[in-house]
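Asker: please find the sequence and the predicted model below.
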Amino acid sequence: MKKFMNNKYFKNDYSFGVIAAFILNFLIEAFSRHSLIEALKHLAESPFVFIYNCLLILMTLSFALLVRRKIALASLISLIWLAGGITNGIVLNNRVTPFTANELKLITSVIDIFPKYFNIFQIVLLSGAIILAIVIMIVIFFKAPKTKEKINYLKNGSLVAGMVISFSLITRGAISINLVETTFGNIAFAYLDYGFPYAFANSLMNTGIRRPINYSQDLILTLREQIDATNEAIDFDQSTPVADAGNRPQQPSQQHPNIVMVQLESFFDPTYMVDLQFSEDPVPNFRQLKEEFTSGFLRVPVIGAGTANTEFEVLTGMSLQFFGAGEYPYKTILRQTTAESINYNLAELGYSAHAIHNNRGTFYTRQRVFRSLGFNTFTPIEYMNVEETTPTGWAKDKYLIDPILDALNATDESDFIYAISVQGHGDYPSTPIEGHSKIKVSGWEDAGRLTSFEYFTNEIYDMDLFIGELISHLSLFSEDTVLVLFGDHLPTLGIKDEELENGDIFQTEYVIWSNFELPKDDVDLYAYQLGAHVLNQVGIHNGTLTSYHQNFKDTPDYLNNLRILQYDMLYGNQYIYDGDNPFERTELQLGVKPILITDIENDDQGDLYIKGENFTDYSRVKINSSTYDTTFINPNTLLVENYTPKENDVFSIQQVTTTNFVLSTSESFRIGQEEENNHFFEEGFREGFEAGYQEALKAIEEALSE
């Protein structure tokens, strides 16, 4: 190795840097594009972009001039770049959206779903490659020659600074002549057009919303006056007789209706695929709903992944197009501040806000983020009893029904429910699964892709059955209820615009069903307009952005002013709120139903049975300060083997994720207090039967807290 490292080209720092930058950039593009030929085409068709990316890599390599172990540091920097390109290639094998710097913040969520995309052999192979890379780096660190002469920091530091300044100037020039862009309308195309190094670096450096040039207090106050004026006009209209109120929908009852939004994972109508034929309609329920109720196309900010960003747009009314490329606000700004949302706005009308997700509670750190969005409760999969999953391990969506109904029954007031589906999630097998496909799909010569699409179609069909079952339940519900169904993005199946009847891979669909009469008002929307449109249908206009979308979406400055409002709310001086953010983080309750211990039993074999309510597979028994291996028997029984309780033992139930993260801990239960607990239980139920179902729950909770 020493002989190789002593080659004259490696002795010349500058030659080494230029050669390494060129080779690295070419390899990165080959991995990202899954082809050496495609990398060559990129070089031939966009030589200036290719050279620009080489200069970017060269600039990072120049920092090796500041240390004696130049080869070791340059190798480490090269390995990081190469790892990025390889990762992007792997990511693009499983979805359309490329790998961005912001996803480094999602590493725990990525690890959680890793086994669903890769088999054991692939995981072992990848782990082996990572270990090998680490070993190589260690060998290079100790074996590679280091500079014997003392480093001239003034000279080398000036060279590095010169590289950084020169590259900054080159970047400004490249932007001015549109060689590269700072904002990406379509991040997937941006990576192809501008190369992985620049696009990835842009996603690293360009986060948040840049301060608009015309941002000022006067402008924000003017916008607020205009929004307030429209609300006053609306209030006046609604005070007039119905016959004189124009086309604005009237409030359906004295109490505002419950609003249930269901964000359906990768859901869209497969029959929009122009070249495919289906043995039967894969979405009969959804199709009938579209014909009878308000519906339209919904333009979402992501494709193939990024559920949380569609979620963010719908809940806040804010557009992701003003944020950095590939940014997840759940991982950036919402860690620092709250954001005005449907939840906060509806809370002013007495609503309770519930989130429900049949996937892990810590995915996208929702267990924290939902506090910044104003949710009161969050029921993830750890609080459900899921008995059936897809062949790839995702929970079926039918398990959302009971938590939705529980949330509706949890309060006497109006409820806003945001349910997040997971059944339609990839990866989609490219080899047939016996007995899986009821609906047959034909039309493509690529057998593997066709099999994947057929698998997806049948999962969509099952989700459509869930939609029908959910509506059957809500149709019988005594309170006025609105149900909003929409897809979060298209699946990771390599779908192109020209393969779709509607010609846009960023479009899904939505439908607004209700168990009372609402006007059918079909219109195509952006995801950030959906909430305002739904609220307008039921006569609700609370909230700055809700009112803005309802009344200004057809004005010339609509998007510019939306960007200014978003900047002011999240990054500016919050002039819209008179300089003081009024939205406080909520005390998020995990699960709607309380997890309770009602009794402790010990059998003849020395095993301990915990009796109670609302246990799940994710329940773990904690005794005093220690946790114990727990076997789930049923929602009312847990088993701890070989444990004999002691007189002063304190028992509680922890709900834990698959990675042993503790989401919540139940109220404690002490040995010797069974009679007291039973007394309170009986009293609670007796009072409850007299006062009604809701009062019963409250009485039980009060009794247990004592």
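Answerer: Nice, thanks for sending it over. Residues are numbered from 1 along each chain as shown.
Asker: where in the chain is pLDDT low?
Answerer: Along the chain, segments meeting pLDDT under 70 span 1-14, 94-97, 103, 105-119, 121-123, 125-126, 185-186, 232-254, 672-706.
Asker: how about the residue nearest the centre of it, what does it touch?
Answerer: The centroid of the chain falls nearest to residue 308 when counting by C-alpha atoms, centre = their mean (2.1 Å). By C-beta atoms under 8 Å, 6 or more residues apart in numbering, the contact set of residue 308 is 328, 330, 364, 366. Using the backbone N, CA and C atoms, a C-beta is placed for each residue, glycine as well.
Asker: how near is it to residue 206?
Answerer: 19 Å (C-beta to C-beta, to the nearest Å).
Asker: are any of the contacts of residue 308 buried, and which?
Answerer: Among those, those buried by neighbour count (16 or more other C-beta atoms under 10 Å) are 328, 330, 364, 366.
Asker: the first one and residue 366, how far apart?
Answerer: The one in question is residue 328. 12 Å.
Asker: same deal with the second one?
Answerer: Residue 330 sits 7 Å away from residue 366, going by C-beta to C-beta.
Asker: residue 278 contacts residue 457, doesn't it?
Answerer: Yes. Using C-beta atoms under 8 Å, residue 278 is in contact with residue 457, at 6.9 Å.
Asker: quickly list what's touching both of these two.
Answerer: Applying C-beta under 8 Å, 6+ apart, one finds that residue 278 and residue 457 are jointly contacted by 270, 439, 441.
Asker: would TSV of those with neighbour count be doable?
Answerer: Written out in TSV, the entries for those read as follows (neighbours: other C-beta atoms under 10 Å):
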residue	neighbour count
270	22
439	15
441	22
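Asker: can you redo the residues you listed as CSV with distance to residue 638 and secondary structure?
Answerer: CSV is the format used below for the shared contacts of residue 278 and residue 457 (distance: C-beta to C-beta, whole Å; DSSP: H, G, I helix; E, B strand; the rest coil):
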residue, distance to residue 638, secondary structure
270, 42, helix
439, 40, coil
441, 44, strand
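Asker: can I get those in CSV with distance to residue 613?
Answerer: Output for these, formatted as CSV (distance: C-beta to C-beta, whole Å):
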residue, distance to residue 613
270, 41
439, 40
441, 44
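Asker: from the residues you listed, pick the one nearest residue 513.
Answerer: residue 270 (20.9 Å; C-beta to C-beta).
Asker: quick check: the closest one vs residue 370, distance?
Answerer: In terms of C-beta to C-beta, residue 270 sits 32 Å off from residue 370.
Asker: over to residue 83?
Answerer: Counting by C-beta to C-beta - residue 83 and residue 370 are separated by 33 Å.
Asker: residue 226 now?
Answerer: Taken as C-beta to C-beta, the span from residue 226 to residue 370 is 31 Å.
Asker: so which of the two has more stuff around it?
Answerer: residue 370 (30 against 15; other C-beta atoms under 10 Å).
Asker: wait, the more buried one sits on residue 355?
Answerer: Yes. Using C-beta under 8 Å, residue 370 makes contact with residue 355 at a distance of 5.3 Å.
Asker: can you pull the contacts of residue 350?
Answerer: The contact partners of residue 350, taken as C-beta under 8 Å, 6+ apart, are 256, 413-414.
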